[in-house]
Every structure is written in C-alpha cells, then in structure tokens.
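Undergrad: Pasted the sequence and its predicted model underneath.
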Amino acid sequence: MKPAAAPRPRIERRLLTLDRASGVVGEAQLDDLPSLLRAGDLLVVNDAATLPASLPARTPSGAAAEVRLVRARDDGRRWQAVLFGPGDWRTPTEHRAAPEPLAAGLRLEIAGLPAVVVAISRTSVRLFELRFETGVDEVWSAIYRRGRPIQYAHVPEPLALWSVQTSFAGRPWAAEAPSAGVPLDWSLLLRLRARGVALAAITEGAGLSATGDPAIDDALPLPERFEVPAATASAIAAAHARDGRVVAVGTSVVRALESAAAAGVVRPCAGETDLLIGPGYQLRAVDGLFTGLHEPTASHYALLQAFASRAQLDGAYAHAERGGYLGHEFGDANLIL
C-alpha cells in the first residue's frame, strides 16, 4: 500500500470499515465517523504528546550519529534509546550505516550535552540506556531545542513538531506520534459528542515503529510507559453497563486498556506494559478499533488479528489497495467494529 508522503487534512482522509462479525468491508470518509458510531459508545484516545525524539549525537571518536529516544526511565535524565550511524531519515532505516559499537561507561555527546552509556540491552548493541550528566531542566531544554520528530524515508520533507501532535496532547511521553488520533480535530470530536459518543483518554508512550536492526525490530513493540486514570476506568464500566462499545483510537490504547483489564475489568493503574497482542488474544476491555492502515509485516498488523481474522484483514487490505488508499502515519484510516 502506498504511504502518504506528507501530513494531510482531515477532509482528505478516507475511512475503510470492517465488520468483525461478517467480514464485510465498506468505504466512507473520515468525516463519516460520527454516523458509524452509536450513542452510548465510548471513544478512548491516547493523549501522550510526541517528543522531538531524534537527537544529533557524537560518538567517543567524534563521529556524527543519531540517538532516538525510546522512553524516559526517570524524570528525564535517564533514557532508553537506539543509536543510529551517520545520515538521517531520508535513508531507509535498513540501509543506514551501522554506528560505532557501544559499551557501558562510554561517553557520548547528545543534543550538545554530555551523556554516559549506562547499560547495553541483550537484544542488540544498538539498544542501550543513557544518562545525561547535566540537570534535568537542561536536558529537556536541549531535547526541544536540538531534537526533531522521528520520521522515515517515505516522508521526504522535514516534519514540524506540531504536525505529529494530536489536538488533545498532554504529557510528552511518546517517541513517535500516536498517529491514529492525529486527524481527530476538535471539530470532529465535538460532532462525536453531539452524537452521544462519550470520550475518554489514557496516556501511553508510543515507541518506535522500526530501527533497521532486525534484532530490535523483531522485539517491537518494546515495553511502554502507560497510565489509565480512574475517570477512564469508570467511563469504560459505564459504557459496557449501557451496552455501549469501547472503541480504541490506535493500537497504543488497546495495549494500555488490555494491560489494565485484570480479571476482565479495567482498573486505574500506571506503570510499564510489555503485553503483546496478536492472533488468538481474547480482548477483555476493547470492542472496536480506529487505526491507520498498517503494513502486514508490522507488529501493529499482528495486533489487528485480535479483532479480525487474517483472512478478513487481508481481504480488507486488498480492497484498500485496489481503491488507492494510503497507508502509514499520514494515510487513511480503518474502523474495525
């Protein structure tokens, strides 16, 4: 499926629908979303703001490199990250030159600040933990002054940070945009409310989509920080009590809610989740999914198979391919109910 090469306004985005029970595929526009949901349904969004998580770096030898932040391990001085060699997003990740090898104790310059390698992951020598050797205020200032949004080669022009934020973004937890929610502007959200669809939010630090390192990519998604507030847990209970459907906006919302659904009941909680959702997984909290169109090789596509069979998804995606739908983070949308 051809990827969208630039941010697109809501009115240009199409919506592919898939009925979970029958496998019937339909076509709509994104603006039709309120008419496809029912009064009493609950739409749950991820309100994590997207970090400028791609940072310029220099290795101990002085060579240029790139560090992509994955998740904060404390208040902002310590991070999990992935190291890339020279170059930028214009080169596909799988074609990027390998970076210099890292080892615990080595010192790097990241976004102009001194940092030390704290630990190397068993998954790959490129996946590591770092600690900035300055105050936390200096760290956050440098990230926002020197960093830029993570992007990939299918988007040729540099992205502005605002283009990867949702309308309801709050805490800066996400390494990459929780992109399913990006086209849901306040005009559309208010129309959903007028329809009788309730709205709620979780926060999950959406991680990296790809690194070009097979070992890391096979391990995606990595554990992610999340929080399900009490108000959202109560809204889910209320929706199910009135026979409404809980519709997740994006795979990160599914992961957070299912992680919080102990014994089938979503409870307020916060922490990190390493939950992997795929074929055969029995959904406990979520009834439907609003998401982008994902490549069949992506970890996101595996999660979709908790909602519909591989045959149903392949049929829907073949329909989208024939219809010229666009994929990736700025592409068209898919509603599975």
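TA: Cool, the structure landed.

Undergrad: what is the mean pLDDT for stretch 212-225?
TA: Mean pLDDT, stretch 212-225: 95.

Undergrad: Equivalent analysis for stretch 231-243, please.
TA: 97.

Undergrad: Likewise for stretch 27-37?
TA: Rounded mean pLDDT across stretch 27-37 is 97.

Undergrad: Next, the buried residues of that stretch.
TA: Along stretch 27-37, these residues count as buried under the neighbour rule (16 or more other C-beta atoms under 10 Å): L30, L33, P34, L36, L37. No exception for glycine: its C-beta is placed from N, CA and C like everyone else's.

Undergrad: Looking at those, which are in helices?
TA: Of the buried residues of stretch 27-37, the ones assigned to helices by DSSP state H are L33, P34, L36.

Undergrad: which residues touch G271?
TA: Each residue near G271 by C-beta atoms under 8 Å, 6 or more residues apart in numbering is listed here: R225, F226.

Undergrad: same thing but at 10 Å, please
TA: Residues in contact with G271, defined by C-beta atoms under 10 Å, 6 or more residues apart in numbering, are P223, R225, F226, E227, V228, S259, A260.

Undergrad: Show me the two of those residues that sit farthest apart.
TA: The most widely separated members of these, counting by C-beta to C-beta, are P223 and V228 (15.8 Å).

Undergrad: circling back to that earlier point, of the contacts of G271, closest to V139?
TA: Checking those one by one against V139 (C-beta to C-beta), the nearest turns out to be R225, at 17.0 Å.

Undergrad: Skipping its backbone neighbours, what lies nearest that closest one in space?
TA: Once flanking residues are discounted, R225 sits nearest to G205: 4.4 Å by C-beta to C-beta, 6 or more residues apart in numbering.

Undergrad: Tell me the predicted confidence for the one you found.
TA: 97.

Undergrad: Name all residues that make contact with it.
TA: 46, 48-51, 69-72, 171-176, 178, 223-227, 252, 256, 272.

Undergrad: between P223 and V228, which one's more packed in?
TA: Each of P223 and V228 has its neighbours counted (other C-beta atoms under 10 Å); V228 has more, 27 against 16.

Undergrad: phi, psi of the more buried one?
TA: phi -110, psi 110 (degrees, to the nearest 10).

Undergrad: can you pull up the bridge partners for it?
TA: When bridges are called by DSSP bridges, V228 pairs up with C269.

Undergrad: A261 is in contact with that one, correct?
TA: Yes - contact criterion C-beta atoms under 10 Å: V228 and A261 qualify, at 9.2 Å.

Undergrad: Identify the contacts common to these two.
TA: Joint contacts of V228 and A261 (C-beta under 10 Å, 6+ apart) are I236, R267, C269, A285.

Undergrad: quick check, nearest of these to G105?
TA: Looking across those and measuring by C-beta to C-beta, the closest to G105 is C269, at 35.5 Å.

Undergrad: To what extent is the closest one buried, counted in neighbours?
TA: Residues lying near C269 (other C-beta under 10 Å) number 17.

Undergrad: And for the one 4 residues further on?
TA: Using other C-beta under 10 Å, T273 has 18 other residues around it.

Undergrad: quick one: contacts for E204?
TA: By C-beta under 10 Å, 6+ apart, the neighbours of E204 are 46-48, 173-174, 178, 224-228, 250-257, 259, 272-273.

Undergrad: in the sheet, who's paired with it?
TA: Counting by DSSP bridges, the residues bridging with E204 are F226.

Undergrad: Quick check: it vs N46, distance?
TA: Separation of E204 from N46 (C-beta to C-beta, to the nearest Å): 5 Å.

Undergrad: Touching both of these two, which residues are there?
TA: W173, A174, P178, F226, G250, T251, S252, V253, V254, R255, A256.

Undergrad: Give me the domain ranges for the chain.
TA: What the record gives for the chain is the domain set 10-50+158-336, 54-146, from automatic domain parsing.

Undergrad: Endpoints of the shortest one, how far apart?
TA: Looking back up the chat, that one is domain 54-146. 9 Å (C-alpha to C-alpha, to the nearest Å).

Undergrad: Same check on stretch 98-106?
TA: 17 Å.

Undergrad: in it, what's buried?
TA: So stretch 98-106, judged by 16+ other C-beta under 10 Å, has buried residues P99, L102, L106.

Undergrad: mind giving me JSON lines with those and columns for distance to Y144, secondary structure and pLDDT?
TA: Below are the buried residues of stretch 98-106 laid out as JSON lines (distance: C-beta to C-beta, whole Å; DSSP: H, G, I helix; E, B strand; the rest coil; pLDDT from 0 to 100):
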{"residue": "P99", "distance to Y144": "24", "secondary structure": "coil", "pLDDT": "94"}
{"residue": "L102", "distance to Y144": "25", "secondary structure": "coil", "pLDDT": "94"}
{"residue": "L106", "distance to Y144": "25", "secondary structure": "coil", "pLDDT": "97"}
